[in-house]
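Asker: Can you look at this prediction? I've put the sequence above it.
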Amino acid sequence: MAGGSAGRSLEQTPTWAVAVVCFVLVSVSIIIEFIIHRIAKWLTKKRKRALYEALEKMKSELVLLGFISLLLTVGQSPISSICISKKAGATWHPCNKKEEAKLNRSENTDYENRRRLLSISGSAGESFRRVLAAGASTDKCAAMGKVPFVSSDGIHQLHIFIFVLAIFHILYCILTLALGRAKMKKLETMGKGNKNS
């Protein structure tokens with residue numbers, strides 16, 4: 001392969017490797033679905049209707065987060081190919097200009113102190129994308145003097161945010177269920193103590 005290529009395409013990847021990745025993803029999905037199904041059966045058997053409804057709500061929200069992630073994956077190329085003016089791209093940033101300049105300076109200092117296996121493409125003030133030193137990516141928006149609406153890196157970071165959001169949502173729901181069960185057990189023991197006295 002040429003030194004400037006970003007990696008093998010799907011056509012150049014062995015079929016068994018693609019099959020293994022798909023098998024793992026499908027297996028994990030089936031295991032999670034099985035666990036949710038078993039918890040739902042247990043809640044129905046124990047007549048915990050409110051907890052069952054909470055589980056169904058959690059499941060529907062996770063499906064929605066997955067659908068949003070799928071749409072981002074499918075729309076990544078069209079979204080990142082939309083170009084806007086640099087003036088519009090420089091508005092409504094989460095950090096003010098001083099913090100942004102400080103962040104850019106610290107990134108440049110960190111970069112200079114590391115081995116130079118990766119190069120940073122883009123000029124100061126633009127988002128940085130690390131690419132292999134041998135390869136150079138072409139940015140059609142930069143060629144027109146504009147910036148992307150949302151860069152590929154931004155969409156990737158949004159995917160990570162959605163994943164973290166889903167994980168914390170699951171943990172929050174599990175914690176809520178555990179605290180609810182602990183409170184119910186405490187109320188049951190208090191009720192039994194009042195009957196005995």
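Answerer: Received the coordinates, thanks.

Asker: which secondary structure element contains the residue nearest the centre of the chain?
Answerer: Taking Cα atoms, centre = their mean, the centroid of the chain lies closest to Ile160, which sits 2.3 Å from it. Taking DSSP states H and E as the criterion, Ile160 maps to helix 152-196.

Asker: and if you look at Leu51?
Answerer: Per DSSP H and E: helix 49-80 holds Leu51.

Asker: for the helix or strand following that helix, what is the average pLDDT?
Answerer: Downstream of helix 49-80, the next assigned helix or strand under DSSP H and E is strand 83-85. Across strand 83-85, pLDDT averages out at 85.

Asker: Identify the residues contacting strand 83-85?
Answerer: 140-141, 144, 146-149 (Cβ atoms under 8 Å, 6 or more residues apart in numbering). To be clear about C-beta, it is placed using only N, CA and C from the backbone, and glycine gets the same treatment.

Asker: quick revisit: the residue nearest to the centre of the chain and Ala166, how far apart?
Answerer: Separation of Ile160 from Ala166 (Cβ to Cβ, to the nearest Å) stands at 11 Å.

Asker: do Val63 as well
Answerer: 10 Å.

Asker: and if you look at Lys102?
Answerer: Between Lys102 and Ala166 the computed distance is 32 Å (Cβ to Cβ).

Asker: Name the residue in these two with the higher neighbour count.
Answerer: Ranked by neighbour count (other Cβ atoms under 10 Å), Lys102 and Ala166 place Ala166 first, with 17 against 12.
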